[in-house]
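**Q** coordinates only, sequence not included:
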């Protein structure tokens, strides 16, 4: 099988890689069809469940609130990330077709990192929303008005775009003239930098600084917001009020714990060498497990969503 193509370079006898090979999970290669079915089921479940959240939020006027607006955007981003990664992984499991072109690899890397960055900024925005709702309830409708919500979501996309675009362009300018096997199941920037035969010290530093800035900025905002939320909740007079306030934040805390834990483990490291194998498992949590669990976590104890879903299903039955 042709795993990579060669093209003469102007300087020296080096060749430039035109295709990469995604290694996937070689330890379970003989169980490819089983894992294809498992991941296909997880992918379809994630897409359908996130689509249901978006549909119900749009259809039911009672859910036209900032919290559900942000949650629907969050669901759309989750669908985008897994759709950029999982289909290729399914092809690897089913057909063992591991090659990916240079351009497709960088497109996949850009989409996953950009959407992932937008997710973390959105998580910070959702934390601020919960802070205003719990700590300043009387001013909540005024502060979190539709215009503010749209501006915050726009900022979640516009802030990381130039940062991630610049980083991906810088990585794409590196020379890839030797190893072509990416020890991962998708094109991530860390493994790509590691494969380059150029001097990658400045690129690694830039990647570390940018990813640290995005993750830590989001984490700091979230931590400050929830520190104030905890203080406010502890001052509430009744136990019932405290439980109700905590219940509105518990699902968000579970989701952000999963995401921050895995992403800090993957990206906030100055060097990627000798750590790529462990990154694969952490990335699997972010791209398969978390998008599958998020809709369940956010809606499991949410009576408003349950009621809206029941009423929507009843209307569908009546229309038939």
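**A** On my side now, so go ahead. In this text the structure is predicted, and so the values were computed from the model without any measurement.
**Q** Heading C-terminal from the helix or strand containing residue 90, find the next helix or strand.
**A** Assigned by DSSP states H and E, residue 90 falls within helix 66-95. Going down the chain from helix 66-95, the next helix or strand is strand 99-101, by DSSP H and E.
**Q** ok, that following strand: who's next to it in the sheet?
**A** Strand 99-101 pairs in its sheet with strand 19-22 (antiparallel), by DSSP bridges.
**Q** Give me the contact list for the partner strand.
**A** Outside strand 19-22, the residues within contact range by C-beta atoms under 8 Å, 6 or more residues apart in numbering are 2-5, 88, 92, 98-102, 105, 176, 180-182, 184-187, 195. Every C-beta, even on glycine, is put in place using the N, C-alpha and C of the backbone.
**Q** Are any of those residues buried, and if so which?
**A** Burial by neighbour count, judged by 16 or more other C-beta atoms under 10 Å, picks out 4, 88, 92, 98-100, 102, 105, 176, 180, 182, 184-187, 195 from the contacts of strand 19-22.
**Q** tell me the two of these that are most distant?
**A** Maximum pairwise distance among the buried ones among the contacts of strand 19-22 (C-beta to C-beta): 20.3 Å, between 92 and 176.
**Q** circling back: what is the mean pLDDT for the helix holding residue 90?
**A** Averaged across helix 66-95, the pLDDT comes to 91.
**Q** List the buried residues in that helix.
**A** The neighbour-count check on helix 66-95 (16+ other C-beta under 10 Å) flags 66-75, 77-82, 84-86, 88-93 as buried.
**Q** any idea what sits nearest residue 17, other than its immediate chain neighbours?
**A** Leaving aside its chain neighbours, residue 17 sits nearest to residue 176 (4.2 Å; criterion: C-beta to C-beta, 6 or more residues apart in numbering).
**Q** just the helices in this structure please.
**A** All helices of the chain, identified by DSSP state H, fall at 32-59, 66-95, 102-135, 140-143, 146-158, 160-172, 189-195, 201-234, 239-267, 276-284, 290-299, 303-319.
**Q** So which elements touch the fourth one?
**A** Using 3 or more C-beta pairs under 8 Å, 6 or more residues apart in numbering; DSSP states H and E, the elements in contact with helix 140-143 are helix 102-135.
**Q** Which elements pack onto the helix it packs on?
**A** Using 3+ C-beta pairs under 8 Å, 6+ apart: helix 102-135 touches strand 19-22, helix 66-95, helix 140-143, helix 146-158, helix 160-172, helix 189-195, helix 201-234, helix 239-267.
**Q** so it versus helix 66-95, what angle?
**A** If you take axes from the mean of the first three to the mean of the last three C-alpha atoms, to 10 degrees, helix 102-135 sits at 150 degrees to helix 66-95.
**Q** Can you give the distance of helix 102-135 from its chain's centre?
**A** Mean-position distance between helix 102-135 and its chain equals 6 Å (C-alpha atoms, centre = their mean, to the nearest Å).
**Q** lowest-confidence helix or strand of the protein?
**A** Least confident helix or strand of the chain, by mean pLDDT, DSSP states H and E, is helix 276-284 with a mean of 65.
**Q** low pLDDT regions in the stretch 201-320 of the chain?
**A** 245, 248, 251-252, 262-279, 298-304, 306, 309, 312-313, 315-320 (pLDDT under 70).
**Q** From residue 52, how far out is the residue lying closest to residue 128 once chain neighbours are set aside?
**A** What sits nearest to residue 128 in space, not counting adjacent residues and going by C-beta to C-beta, 6+ apart, is residue 225, at 5.5 Å. Relative to residue 52, residue 225 is positioned 28 Å away (C-beta to C-beta, to the nearest Å).
**Q** now swap in residue 99 and tell me
**A** Distance, residue 99 to residue 52, by C-beta to C-beta: 35 Å.
**Q** Repeat that for residue 220.
**A** 33 Å.
**Q** Mind checking which of the two has more residues around it?
**A** Higher neighbour count among residue 220 and residue 52: residue 52, with 16 against 11, using other C-beta atoms under 10 Å.
**Q** Check what pLDDT the residue nearest to residue 17 gets.
**A** 86.
**Q** follow-up on the earlier one: which residues touch the residue nearest to residue 128?
**A** Taking C-beta under 8 Å, 6+ apart, we find residue 225 in contact with 124, 127, 128, 130, 131.
**Q** May I see these arranged in TSV, with neighbour count, pLDDT and distance to residue 208 as well?
**A** TSV is the format used below for the contacts of residue 225 (neighbours: other C-beta atoms under 10 Å; pLDDT from 0 to 100; distance: C-beta to C-beta, whole Å):
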residue	neighbour count	pLDDT	distance to residue 208
124	22	92	20
127	24	90	24
128	19	93	27
130	23	89	30
131	20	91	29
